[in-house]
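J.: Here's my sequence, what's the structure:
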Amino acid sequence: MRLARHVQRLRREESGFSLIEMLAAMAILLTIVGTLTTLMVSATSSEVDLTMRVRAQQEARLAVEAMRRDVHCASAITVTSFASVTLTLPAGCPSAIGGTTFTWCTSGSGSRFALRRIVGAPLPGTCTGGRVAADYLTTANVFAMDQDMGKLNKLCVDFPVDLDVADARRTYRLRDQLVLRNSTRNTADGTSC
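T.: All right, here's what the predicted structure looks like:
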């Protein structure tokens, strides 16, 4: 009997949350979830940006390595402009698959250019076809020749890579001088990079 009275008393005294308490708890929960969501979205977008930057930089490095193989093996080079270089490779060259003449050139406009490797020589002033070796270059003028007296010719490359040109602090610049091993030593001073 005593137990039954005790259970009835507990049932009468049982109370839940008031509406004010429930709203306060939900407001606190929403604030926490909103803050965590903002942090997660920010972290995800930063990760995507970093991944894209690393990919663009890696493409530029791989393009320089492929270009280095072509230049080291080339028997002739023609720099038609600061945006285009045509190389003649002997048939025995490992990178001369698909032909013996290759053109490295940039295409694009504004502040986004792509570096292409094209089999053969495209029409003057055009850079279409082939494969894209690097993207997100900020300028089309990436080539120059270095012709110092008594030295082999060098092809100078300068690849400024940036996904967002508005922030110049984030530009990755890849510069290199590729020696034309099959060229003759210069007898007169010429241009330099």
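
J.: From now on I want contacts and neighbour counts done on CA atoms only, so please keep to that.
T.: Will do.

J.: Can I take it that residue 40 is in a helix?
T.: Yes: assessed by DSSP: H, G, I helix; E, B strand; the rest coil, residue 40 belongs to a helix.

J.: Based on its surroundings, how many neighbours for it?
T.: Residue 40 has 12 neighbouring residues, counting by other Cα atoms under 10 Å.

J.: Model confidence for it, exactly?
T.: You'll see residue 40 listed with a pLDDT of 95.

J.: could you measure it against residue 127, distance?
T.: Spatial separation of residue 40 from residue 127 under the definition Cα to Cα, to the nearest Å is 42 Å.

J.: next one: residue 46
T.: In this view, residue 46 and residue 127 are 33 Å apart by Cα to Cα.

J.: which element is residue 46 on?
T.: Under the criterion DSSP states H and E, the helix or strand holding residue 46 is helix 19-73.

J.: ah, wrong one, I meant residue 99
T.: Applying DSSP H and E, one finds residue 99 in no helix or strand.

J.: Next, it: phi, psi?
T.: Backbone torsions of residue 99, given as degrees, to the nearest 10, read phi 170, psi -180.

J.: contacting residues around residue 62?
T.: If you count contacts by Cα atoms under 8 Å, 6 or more residues apart in numbering, residue 62 has them with residue 133.

J.: switch the cut-off to 10 Å
T.: Counting by Cα atoms under 10 Å, 6 or more residues apart in numbering, residue 62 makes contact with 56, 68, 133, 134.

J.: Between which two of the residues you listed is the distance greatest?
T.: Spanning the widest gap among these are 56 and 68, at 18.4 Å by Cα to Cα.

J.: hmm, back to that, now for the contacts of residue 62, which sits with the most neighbours around it?
T.: Neighbour counts for the contacts of residue 62 (other Cα under 10 Å) peak at residue 134, which has 24 neighbours.

J.: Mind listing the residues bridging to it?
T.: Counting by DSSP bridges, residue 134 is bridged to residue 115.

J.: So what would you say the end-to-end distance of stretch 152-168 is?
T.: One end of stretch 152-168 to the other measures 34 Å (Cα to Cα).

J.: Could I get the pLDDT score of the spatially most central residue of the chain?
T.: The chain has residue 56 as the residue nearest its centroid, 1.0 Å off, counting by Cα atoms, centre = their mean. pLDDT, the model's per-residue confidence, is 91 for residue 56.
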